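Q: Need coordinates for the following:
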Amino acid sequence: MSLAIVYTRAKCGVDAPLVRVETHLSNGLPSLSIVGLPETAVKESKDRVRSAIINSHFEFPSRRITINLAPADLPKEGGRFDLPIAIGILAASGQVPVKPLEHIEFLGELGLTGELHTVQGSLPAAIKSTAAKRALVVPPANVNEATLCQQATIFSCQHLLQLSAHLHDREPLIPQQAKPKTQTSLCYPDLCDVKGQALARRALEIAAAGKHNLLFCGPPGTGKTMLASRLPSILPPLSQQEMLEVAAIYSVSQQKNRQDFYQRPFRNPHHTASSVALVGGGSNPQPGEISLAHHGVLFLDELTEFQRQVLEVLREPMESGEILISRANRQAIFPANFQLIAAMNPCPCGYYGDLQKACRCSLDKRRRYRDKISGPLLDRIDMQVTVNRIPVSALRQKKQPAESSADIIKRVIRCRAIQKQRQHHCNAQLNNAQLEQYCHLGGDEQHLLEQAVTRWHLSPRAYHRILRVARTIADLAEAQTIDSQHLTEAISYRALDKDII
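A: Next up, the predicted model:
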């Protein structure tokens with residue numbers, strides 16, 4: 001047979017569209033041409049495939065070979081098409097049977113010896129191939145990632161010869177099974193290490209319980225970074241669906257250092273990061289820090305040291321939970337449902353409001369420093385908390401250790417269970433209709449909130465975010481309604497709006 005069709009998957013954001021590799025052998029001068037919008041790495045596959053076929057002791061056809069990667073308008077990139085192209089040539093030349101190819105998809109880069117090397121995006125391909133009711137063949141290095149999709153049928157082979165033996169039904173490959181989930185110890189530092197800072201610890205617990213954005217502001221050395229880095233230790237583990245979403249993002253990215261897919265990601269970019277580094281981009285769109293922090297934490301330390309135009313790109317993803325990257329010939333949508341935690345100093349010298357060290361900054365300097373954070377961005381941060389210096393005597397005292405993350409996470413999980421039962425998502429994501437339904441205020445509470453909004457000129461967005469935080473505080477107390485105590489505490493977490501730090 002001179003025609004063969006092999007199925008594979010392309011990489012487009014976190015999606016894996018189907019690609020049909022159509023191989024045709026015809027009479028004429030020996031040649032090999034690849035059509036279907038291939039990029040440079042795909043065009044170079046002809047040399048890798050030729051050497052891999054010959055070194056695997058197959059015969060490379062001395063005929064005119066045409067390979068079409070359909071659909072033709074979808075850009076193809078990377079070495080992921082090496083294996084399906086090689087199988088297509090072998091099937092079209094009659095060296096492997098064609099019939100089994102109808103129920104299998106192939107993914108892998110070939111070495112010159114015929115060995116299979118790792119590729120990006122095997123998990124999205126496994127999810128899509130499962131939906132299409134086909135098995136997927138991947139290199140050994142991609143097995144752990146691909147088997148995260150528990151319903152998928154995953155085959156792994158080290159060499160092209162092993163795959164040929166499987167297709168001939170001489171030595172069938174054994175379907176790979178996902179490794180059982182084990183209870184791993186958290187790699188994040190514990191909150192019991194933090195001495196004092198009761199207000200900041202309380203704010204951190206509320207933020208974790210309702211998935212609220214949080215900003216710490218205070219003099220240098222007061223523990224802002226220490227507190228923020230311990231937020232993941234009190235967040236509940238990822239669900240199966242959340243784990244698949246996070247793993248799919250890391251599967252298509254250049255990040256290969258993530259070992260435990262069930263732990264929430266914690267991203268801490270340097271303040272010199274560009275806007276592209278945060279939201280993603282490039283000619284071949286890659287996820288940025290906000291997508292790598294999906295279902296996890298994005299920590300921006302020294303917030304005011306970031307360029308203002310860099311911080312402004314966070315505004316839309318904080319509301320929509322996704323980022324759309326458009327290029328001339330393609331678009332890619334990356335999820336970005338992250339929780340923002342930030343830390344900053346109150347002024348350039350860092351000591352404004354510090355009782356132990358005088359501030360050297362003028363009023364204009366402080367204003368210019370604060371103006372690096374725009375009002376619309378600040379509005380989207382639910383909680384703004386002052387972190388004051390603690391006395392040296394408190395550091396020396398050997399009191400009973402502070403409450404550990406293991407104790408706090410029990411309350412956080414219980415609070416999130418209440419929210420899930422009530423509205424199926426966290427309080428930070430309540431829409432306007434749900435705010436009216438679940439955040440109803442009594443007469444006194446409504447008057448209190450209106451007074452706060454009028455006195456500090458709060459925006460309608462800030463009004464709604466106060467309600468969401470108050471709902472979380474009430475859930476932590478397992479209260480059915482929001483009372484004045486819950487509302488007063490929520491209002492106290494708008495420190496920058498009230499210009500008290």
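Q: any weak-confidence spans in the protein?
A: Across the chain, the stretches falling below the confidence threshold (pLDDT under 70) are 1, 180-186, 256-260, 393-400, 498-501.
Q: Identify, by residue count, the longest helix of it.
A: helix 405-423 (DSSP state H).
Q: Would you mind pulling the contact partners of the next helix or strand after that one?
A: The helix or strand immediately downstream of helix 405-423 is helix 432-438, counting by DSSP states H and E. Contacts with helix 432-438, where a contact means CB atoms under 8 Å, 6 or more residues apart in numbering, come from 422-423, 430, 464, 467-468, 471. From N, CA and C alone the C-beta is placed, and that goes for glycine too.
Q: Who wins on neighbours among those?
A: Within the contacts of helix 432-438, neighbour counts (other CB atoms under 10 Å) peak at Arg471, which reaches 27 neighbours.
Q: what's the helix or strand for it?
A: Using DSSP H and E, Arg471 sits in helix 460-476.
Q: Can you dump the C-alpha atoms of that helix in CSV for me?
A: These are the backbone C-alpha positions of helix 460-476, laid out as CSV (Å, rounded to 0.1, in the frame of the first residue of the first chain):
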residue,chain,number,x,y,z
PRO,A,460,-18.1,49.8,44.0
ARG,A,461,-15.5,47.1,43.4
ALA,A,462,-14.0,47.7,46.8
TYR,A,463,-17.5,47.5,48.3
HIS,A,464,-18.1,44.1,46.8
ARG,A,465,-14.7,42.8,47.8
ILE,A,466,-15.4,43.9,51.4
LEU,A,467,-18.6,41.8,51.3
ARG,A,468,-16.7,38.8,49.9
VAL,A,469,-14.1,39.0,52.7
ALA,A,470,-16.8,39.4,55.3
ARG,A,471,-18.5,36.3,54.0
THR,A,472,-15.3,34.4,54.4
ILE,A,473,-14.8,35.6,58.0
ALA,A,474,-18.4,34.5,58.7
ASP,A,475,-17.7,31.1,57.2
LEU,A,476,-14.6,30.7,59.4
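Q: From the rest of the structure, what touches the next helix-or-strand element following that helix?
A: Scanning forward in sequence from helix 460-476 by DSSP H and E, the next helix or strand is helix 484-492. Residues outside helix 484-492 that contact it (CB under 8 Å, 6+ apart): 441, 444-445, 448-449, 452, 466-467, 469-470, 473-474, 477, 479.
Q: Of those residues, which count as buried by neighbour count?
A: Under a neighbour-count criterion of 16 or more other CB atoms under 10 Å, the subset of the contacts of helix 484-492 counted as buried comprises 441, 445, 448-449, 452, 466-467, 469-470, 473-474.
Q: Could you list the paired strands of the biggest strand by length in the chain along with their orientation?
A: When the chain is scanned for its longest strand (criterion: DSSP state E), the result is strand 18-26. Next to strand 18-26 in the sheet, as set by DSSP bridges, lie strand 3-9 (antiparallel), strand 64-70 (antiparallel).
Q: Other residues contacting the last one?
A: Under the contact criterion CB under 8 Å, 6+ apart, strand 64-70 has outside partners 19-38, 42, 76, 81, 85, 88-89, 92.
Q: List only those of those residues flagged as buried.
A: Listed as buried from the contacts of strand 64-70 are 19, 21-25, 32, 34, 36-38, 42, 76, 81, 85, 88-89, 92; burial here means 16+ other CB under 10 Å.
Q: still on that earlier bit, let's see the longest helix of the chain as CSV, backbone CA atoms only.
A: Once side chains and other backbone atoms are set aside, the C-alpha atoms of helix 405-423 remain, and they are given as CSV (Å, rounded to 0.1, in the frame of the first residue of the first chain):
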residue,chain,number,x,y,z
SER,A,405,0.1,25.2,59.4
ALA,A,406,-1.3,21.8,60.1
ASP,A,407,-3.8,23.2,62.6
ILE,A,408,-4.7,26.2,60.4
ILE,A,409,-5.3,24.2,57.3
LYS,A,410,-8.0,22.2,59.0
ARG,A,411,-10.1,25.4,59.5
VAL,A,412,-9.3,26.4,55.9
ILE,A,413,-10.5,23.1,54.5
ARG,A,414,-13.6,23.2,56.6
CYS,A,415,-14.3,26.8,55.4
ARG,A,416,-13.8,25.9,51.8
ALA,A,417,-16.1,22.9,52.2
ILE,A,418,-18.9,25.3,53.3
GLN,A,419,-18.3,27.5,50.3
LYS,A,420,-18.3,24.6,47.9
GLN,A,421,-21.6,23.2,49.3
ARG,A,422,-23.1,26.7,49.0
GLN,A,423,-21.9,28.0,45.7
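Q: Of the buried ones among the contacts of helix 484-492, just say which sits nearest to Ile325.
A: Within the buried ones among the contacts of helix 484-492, the smallest distance to Ile325 is 31.7 Å, found for Val469 (CB to CB).
Q: quick one: which of the strands paired with strand 18-26 is nearest Ala203?
A: Of all those, strand 3-9 sits nearest to Ala203, with 44.2 Å by CB to CB.
Q: Please enumerate residues in contact with the longest strand of the chain?
A: 2-10, 61, 63-71, 74, 76, 81, 84-85, 87-89, 91-93, 128, 132.
Q: out of the residues you listed, which are buried?
A: Buried positions within the contacts of strand 18-26, assessed by neighbour count (16+ other CB under 10 Å), are 4-10, 61, 63, 65-69, 74, 76, 81, 84-85, 87-89, 91-93, 128.
Q: right, and the pair among the buried ones among the contacts of helix 484-492 with maximum separation?
A: The two members of these with the most space between them (CB to CB) are Ala452 and Ala474, at 17.1 Å.
Q: how is this protein carved up into domains?
A: Residue ranges of the domains in the chain are recorded as 3-167, 191-492, according to automatic domain parsing.
Q: Quick one: end-to-end length of the longest one, please.
A: Criterion CA to CA, to the nearest Å; first-to-last residue distance in domain 191-492 is 23 Å.
Q: what's the answer for stretch 249-269, then?
A: Terminal residues of stretch 249-269 lie 17 Å apart, using CA to CA.
Q: any idea what Asp354 is structurally, helix, strand or coil?
A: coil (DSSP: H, G, I helix; E, B strand; the rest coil).
Q: ok, Pro376 touching Leu314?
A: No. In this structure Pro376 lies outside contact range of Leu314 using CB atoms under 8 Å: 10.1 Å.
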